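Novice: Give me a model of this one.
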Amino acid sequence: MNLELVEYHPEGVSSEAPLLFVHGACHGAWCWEKNFLPYLVKTPF
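Specialist: Predicted coordinates for the structure are as follows:
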C-alpha cells in the first residue's frame, strides 16, 4: 500500500498553521484537489 500525499502551498510567506485534510472510506487525496485545496490556498484567513 502506498500513501498518497498532495501538498499545496500559498504564494509568499504565511504565518498560519497548516491544515490537514483526512478523507473518509472509499476516497483518496484526490477528493480535496479539485475544489477545496486551490480555493483555500488563495484565500487569506
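Novice: Every contact and neighbour count from this point should use C-alpha atoms.
Specialist: OK.
Novice: Can you give the distance of stretch 3-18 from its chain's centre?
Specialist: In terms of Cα atoms, centre = their mean, to the nearest Å, the centre of stretch 3-18 is found 7 Å from the chain centre.
Novice: can you give me the mean pLDDT across that stretch?
Specialist: Per-residue pLDDT values over stretch 3-18 give a mean of 81.
Novice: In space, not sequence, find me the middle residue of the chain.
Specialist: L37 (4.5 Å; Cα atoms, centre = their mean).
Novice: For this structure, just list every one of the helices.
Specialist: With DSSP state H as the criterion, the chain has helices at 30-33, 36-42.
Novice: so which of those helices comes closest to S15?
Specialist: Taking Cα to Cα, helix 36-42 is the member of those nearest to S15, at 13.1 Å.
Novice: gap between T43 and F36?
Specialist: Distance, T43 to F36, using Cα to Cα, to the nearest Å: 11 Å.
Novice: now swap in A25 and tell me
Specialist: The value you get for A25 to F36, if Cα to Cα is used, is 18 Å.
Novice: Same check on H27?
Specialist: Taking Cα to Cα as the measure, H27 falls 15 Å from F36.
Novice: ditto for W30
Specialist: For W30, the distance to F36 - Cα to Cα - is 10 Å.
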